[in-house]
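> Predicted model, plus sequence, below.
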Amino acid sequence: MTKTGDNDKTGQTGATGEAPNPARAEPDFESPQDYEALIRLIHDRYDGMSRTYQRISTYLTQNPNDVAVLSVNAIAQRCEIHASSFVRFAQYLGYRGFKELQGLFQKRLATTAPGFEARVRVLEEELSARTDRSEAGFLRDLIIRDIAALQEMLTDITAEQLARAADLLEAADTVYLVGQMRSAPVVDLVRYVLTMLGRRTVLLDPGGGLATHMARTLRPGDVLFAVSFRFYAKEVVNIVEEAGKAGIPVIAISDSTLSPLAKSAAVLFAVPEHEYTFSRSLAAPMCLAQALMTVLASRLQKNAAPRIPTVTAAN
């Protein structure tokens, strides 16, 4: 396995080195003392980071619970980046070493999801102990990962986000939908539910190369609902950016707060993907999309137990 390092050689540290590096330059800012401030700092400095530091930033923001419970060596192995780069990254942000930075993630986990660490360890043990390579074994693996992703959404998605997205959808004249490749099933589900609820929707279908041109019909009062995951479809990113510049509210489902959709989004739902493998699942984003549609249906029908009209009915 090839592990990359960072080109910014401010001094060498060991793979687990937590001692401060006397050769490194002192940062011109105070290191954040809470998780939220740290994430803001990473966002502010992201564009000016080296490629390795950007990869580290993406992992940290996508996997805060893993960062809290895993060793720096285990995290580095997952990223295929040398552990010393994580130490230098922490120092770059003003910390003495990675353990000090990691403490903010541990504090977040202890306060927002008590008991989560034990659940994570159980799931990790189940996956690492897997010896069954049968068809049922693949199913079991996927279900275990989906359970972890769904549990994380309970702590990461806030009531305020759901309410804000529902406000925008309820007030929209027309909801434009865009999602390509693996994201397409999510927007197809949203289009189906919105249509059955009697809402005007436009699917920005990539067929015929017209999606970008169709997006130019967005008007004040409309909303763009966008879904995109790594590796982000270029046309989707461009449409979202243009909508943001035009002042059109964007509701986005993506995999990271560092996603290219984030800067233009009025509401961003970050649903991290922990494994970039063939078995990446849509269970979490589909569940989130269904939840949003249920919230909207409840408002429109003024019913705490809303129902979606069926396309066909028995005679």
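Yep, it's here. Numbering: from 1, shown residues only.

> Could you measure from the closest residue to Lys263 other than its chain neighbours over to Pro260?
Once flanking residues are discounted, Lys263 sits nearest to Gly244: 7.0 Å by C-beta to C-beta, 6 or more residues apart in numbering. (C-beta placed from N, C-alpha, C; glycine too.) Per C-beta to C-beta, to the nearest Å, Gly244 is found 11 Å from Pro260.

> and the helix or strand in which Thr52 is found, average pLDDT?
Here Thr52 sits within helix 51-62, counting by DSSP states H and E. Helix 51-62 carries an average pLDDT of 91.

> same check, this time on stretch 239-252
For stretch 239-252, mean pLDDT rounds to 96.

> how about the strands in this protein?
175-179, 201-203, 223-227, 250-254, 267-270 (DSSP state E).

> for the ones you listed, which one sits closest to Gln106?
Taking C-beta to C-beta, strand 267-270 is the member of the strands of the chain nearest to Gln106, at 20.0 Å.

> Next up, the contacts around Val237.
Counting by C-beta atoms under 8 Å, 6 or more residues apart in numbering, Val237 touches 228, 260-261.

> on that earlier part again, could I get the buried residue list for the helix holding Thr52?
Neighbour-count burial for helix 51-62, counted by 16 or more other C-beta atoms under 10 Å, picks out 52-62.

> ok, now stretch 295-309?
295-297, 306.

> Do I have it right that Pro272 meets Glu152?
Yes - using C-beta atoms under 8 Å, Pro272 is in contact with Glu152, at 7.2 Å.

> which ones are touching the nearest residue to Ile248 once chain neighbours are set aside?
Nearest residue to Ile248 in three dimensions, chain neighbours excluded: Leu218, at 5.1 Å (C-beta to C-beta, 6+ apart). By C-beta under 8 Å, 6+ apart, the contact set of Leu218 is 176, 224, 243, 246, 248.

> What about the first one, how many residues nearby?
So that's Tyr176. 26 (other C-beta atoms under 10 Å).

> Am I right that it is in contact with Leu224?
Yes - here Tyr176 reaches Leu224: they are 4.9 Å apart, a contact under C-beta under 8 Å.

> got the residue ranges for the helices in the stretch 201-315 of the chain?
Assigned by DSSP state H, counting those that start in this stretch, the stretch 201-315 of the chain shows helices spanning 211-215, 234-245, 283-301.

> With respect to Arg145, which of those lies nearest?
Arg145 lies closest to helix 283-301 among the helices of the stretch 201-315 of the chain, at 8.7 Å (C-beta to C-beta).

> how many degrees apart are the closest one and strand 175-179 in direction?
With axes from the mean of the first three to the mean of the last three C-alpha atoms, to 10 degrees as the basis, helix 283-301 and strand 175-179 are set at 170 degrees to each other.

> how about the buried residues of stretch 295-309 in CSV, adding pLDDT and distance to Leu101?
Shown next, in CSV, are these (pLDDT from 0 to 100; distance: C-beta to C-beta, whole Å):
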residue, pLDDT, distance to Leu101
Val295, 94, 36
Leu296, 95, 39
Ala297, 94, 42
Pro306, 85, 44
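
> quick one: which of those is nearest Leu288?
The nearest member of the buried residues of stretch 295-309 to Leu288, counting by C-beta to C-beta, is Val295 at 10.8 Å.

> what's the first-to-last distance across stretch 226-245?
Distance across stretch 226-245, first residue to last, is 15 Å (C-alpha to C-alpha, to the nearest Å).

> From here on, call the first residue 514.
Yes, from this point I'll number from 514; that puts the last item at stretch 739-758.

> Can you list the buried residues in that stretch?
Applying 16+ other C-beta under 10 Å to stretch 739-758 flags 739-742, 745-746, 748-750, 752-753, 755-757 as buried.

> just stretch 759-770 next, same as before
761-770.

> any idea which of the residues you listed is closest to Arg658?
Comparing the buried residues of stretch 759-770 against Arg658 with C-beta to C-beta places Asp768 closest, at 14.1 Å.

> Contact partners for the closest one?
The neighbourhood of Asp768, defined by C-beta under 8 Å, 6+ apart, consists of 575, 742-743, 783-786.

> same deal with Met694?
Ala746.
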